[in-house]
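**Q** Based on what follows, work out the 3D shape:
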Amino acid sequence: MNTFRDFARTCAELEAEKSRKGKISILARYLGGLEPEEAAIAALMMVGRTTPERGSNPLSVGWALVREILSSGATQPLMPGLKTIRDIWDSFQKISRISGYGARERKRMVLELSLIHI
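**A** Modelled structure (predicted):
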């Protein structure tokens, strides 16, 4: 199982690596160890995309909301387990479809649940 923590560690490795060849090696090792669907999701997320199509519904979730959730302590694990890349991707898709009255609070709830166990 490839967890979102593995994804985050790989992103940190990429950030720390200075050489282009080193970055390619890190990406090849990481993406090569994933199933094709997971690799496609990870590649999109690495370039900052949260939905497969450009111009589709944006998340419309800013740092202020993320900071609010993290500082509330709501992300403390309730049960053992770790989120996969697919879990986080699916949560992003749910968030992108939320709109209308009360959307911010509903997005907050989905995001809060997504951050548990990362």
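**Q** center of this structure, which residue is that?
**A** Centroid check for the chain by CA atoms, centre = their mean gives Ile88 as the closest residue, at 4.9 Å.
**Q** Confirm for me that that residue is in contact with Phe4.
**A** Yes. Applying CB atoms under 8 Å, one finds Ile88 in contact with Phe4, separated by 5.1 Å. All C-beta atoms are positioned from the backbone trio N, CA, C, and that covers glycine.
**Q** looking at this protein, which helix or strand does the model trust least?
**A** Taking mean pLDDT, DSSP states H and E as the measure, helix 63-72 is the helix or strand of the chain with the lowest mean score, a mean of 74.
**Q** Alpha carbons of that helix, as CSV, please.
**A** Provided in CSV are the C-alpha atoms of helix 63-72 (Å, rounded to 0.1, in the frame of the first residue of the first chain):
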residue,chain,number,x,y,z
TRP,A,63,-4.5,28.0,3.6
ALA,A,64,-6.7,29.7,6.1
LEU,A,65,-9.2,26.8,6.2
VAL,A,66,-6.3,24.2,6.4
ARG,A,67,-4.7,26.1,9.2
GLU,A,68,-8.0,26.3,11.0
ILE,A,69,-8.5,22.6,10.8
LEU,A,70,-4.9,21.8,11.9
SER,A,71,-5.0,24.2,14.8
SER,A,72,-8.3,22.8,16.1
